[in-house]
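Asks: Sequence below, structure please.
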Amino acid sequence: MVFEPALSNLRESDEPVFGPTSFRGYVDRHGIEAGRTPWYISVDAIWSTDSV
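Replies: Predicted structure coming up:
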């Protein structure tokens, strides 16, 4: 799961939120293959839904 490292970090810390960090930096640090995930979670994707 893409967000498991962030969720694990939150469980182990007293912080209420994870970050800030860029999504690309996050996946690179954890060796995660994100594929088109940034496109799907970007604000611009809302305006591009006809191409999904």
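
Asks: Now do the contacts for residue 30.
Replies: residue 5 (Cβ atoms under 8 Å, 6 or more residues apart in numbering). In this view, the C-beta of every residue, glycine as well, is placed from N, C-alpha and C.

Asks: what do you get if the cut-off is 10 Å, keeping everything else the same?
Replies: 2-6 (Cβ atoms under 10 Å, 6 or more residues apart in numbering).

Asks: Looking at these, which is nearest residue 32?
Replies: Set against residue 32, the nearest of these by Cβ to Cβ is residue 2 (5.7 Å).

Asks: of the contacts of residue 30, the lowest pLDDT goes to which?
Replies: Among the contacts of residue 30, residue 2 carries the weakest pLDDT, at 77.

Asks: That one touches residue 34, doesn't it?
Replies: Yes: shown here, residue 2 and residue 34 form a contact pair, counting by Cβ atoms under 10 Å, at 6.5 Å.

Asks: Residue 9: which element?
Replies: Assessed by DSSP states H and E, residue 9 sits inside helix 4-12.

Asks: Give me the helices and strands touching that helix, please.
Replies: The contact analysis (3 or more Cβ pairs under 10 Å, 6 or more residues apart in numbering; DSSP states H and E) places helix 4-12 against helix 23-30.

Asks: how about the helix it packs on: buried residues?
Replies: Buried positions in helix 23-30, judged by neighbour count with 16 or more other Cβ atoms under 10 Å: 26-27.
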